[in-house]
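>>> I'll drop the sequence and a predicted model, then ask my questions.
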Amino acid sequence: MTDAIQWVRSLLFNIYMYVMVLVYGIIFLIPAIISSDGAVAACHAYCRHIRWAASWMIGLKVEYRGTPPTMECMVAPKHQCFLDVLMIYSAVPRGKFIMKSILKYAPVVGQFGLRIGCIPVDRGKRGQAIRKMVADVKAGHAKPGQLIIYPQGTRIAPGVKAPYKVGTGALYKELNQPCVPVATNVGVFWPKRGVMRRPGTAVFEFLPPIAPGLDVPEFMARLEADVEGTTARLNKEAGFHG
């Protein structure tokens, strides 16, 4: 297959992916209003649909390794592209994200994000928002789940070095919950920028949980070693040698 044909297929897939956000938002509008479970079902259904569509529209398949968590915990994945957001959410029963407060006003995404338990945070007020989330779960006002946080804070292309932000360690200490690292090579097939999506198999590997109770520096060192070491192996497996 020529690059030109794959580029066109990638463009069509990108358009399709965003159109389906609106379609699923409409289909699940009433269930999501009635119950947060309806919003969770909508997001899981959308993620599964995109996984299926990627397999035949652009030839990109997804493979999970390890054991996705079902207990209340932190999930700390490598972040390389938009697809890893969908696929990691799809793998856990009740995922939620810390999101910028402005995103709650985004059509469909913002409303469903709030319904599934995502935490909108204003700059400088994350600690306050996290403490409220923990208190709400303990009081029975919110359902426990898996808090997904990207320890590098942004998308990082394969082979690029970037620091792990200490805020992840502060959150680990605040929550006093296990942290499940996740490595991936999806960025080899789905670049940080541009239209092109490459065919292949994107692997998401859930690594053994890091138990609560470590000092923050020790936790950060272990998290980075686990995620970066496994990601390098997966990148090499996918043919990336940068």
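Looks like it came in fine.
>>> hey, let's count contacts and neighbours off CA atoms from now on
Noted.
>>> Would you check how far apart the spatially most central residue of the chain and residue 150 are?
In the chain, the centroid-proximal residue (CA atoms, centre = their mean) is residue 85; its distance is 2.9 Å. Distance, residue 85 to residue 150, using CA to CA, to the nearest Å: 10 Å.
>>> Could you tell me which residues touch both of those two?
Both residue 85 and residue 150 are in contact with residue 79, where contact means CA atoms under 8 Å, 6 or more residues apart in numbering.
>>> elements contacting whichever helix or strand residue 229 is part of?
According to DSSP states H and E, residue 229 maps onto helix 216-237. Secondary-structure packing of helix 216-237 (3 or more CA pairs under 8 Å, 6 or more residues apart in numbering; DSSP states H and E): helix 166-175, strand 179-184.
>>> Check the spacing between the residue nearest to the centre of the chain and residue 97 real quick.
Counting by CA to CA, the gap from residue 85 to residue 97 is 10 Å.
>>> One more: residue 16?
According to CA to CA, residue 16 stands 24 Å off from residue 97.
>>> which one of those two has more residues nearby?
Set residue 16 next to residue 97 and count neighbours by other CA atoms under 10 Å: residue 97 wins out with 20 against 14.
>>> Identify the residues contacting the helix or strand containing the more buried one?
Under DSSP H and E, the secondary-structure element containing residue 97 is strand 95-100. For strand 95-100, contacts defined as CA under 8 Å, 6+ apart pick out 89, 113, 116-123, 145-149.
>>> So which of these wins on neighbours?
residue 116 (25 neighbours).
>>> who wins for proximity to residue 41 among the helices and strands packed on helix 216-237?
Shortest distance between residue 41 and the helices and strands packed on helix 216-237, using CA to CA, is found for strand 179-184: 22.8 Å.
>>> so what strands line up beside the next helix or strand after that closest one?
Per DSSP H and E, the first helix or strand lying C-terminal to strand 179-184 is strand 200-206. When pairing is defined by DSSP bridges, strand 200-206 lines up against strand 60-65 (parallel), strand 179-184 (antiparallel).
>>> same for the lengthiest helix in the chain, what does it pack against?
When the chain is parsed with DSSP state H, its longest helix is helix 3-27. When contacts are defined as 3+ CA pairs under 8 Å, 6+ apart, helix 3-27 packs onto helix 36-57.
>>> Packing partners of the helix it packs on?
Short answer (3+ CA pairs under 8 Å, 6+ apart): helix 36-57 packs on helix 3-27, helix 29-34, strand 60-65, helix 82-91, helix 109-115.
>>> Run through who's touching the fourth one.
Pointing back at helix 82-91 there. By CA under 8 Å, 6+ apart, the surrounding residues in contact with helix 82-91 are 43-44, 47-48, 51, 68, 79, 95-96, 186, 190, 204.
>>> ok, now with 7 Å
Helix 82-91 has contacts (CA atoms under 7 Å, 6 or more residues apart in numbering) with 44, 47-48, 68, 95.
>>> Which of the residues you listed sits closest to residue 181?
residue 68 (10.0 Å).
>>> Now for the closest one: which residues touch it?
Residues in contact with residue 68 (CA under 7 Å, 6+ apart) are 91-92, 206.
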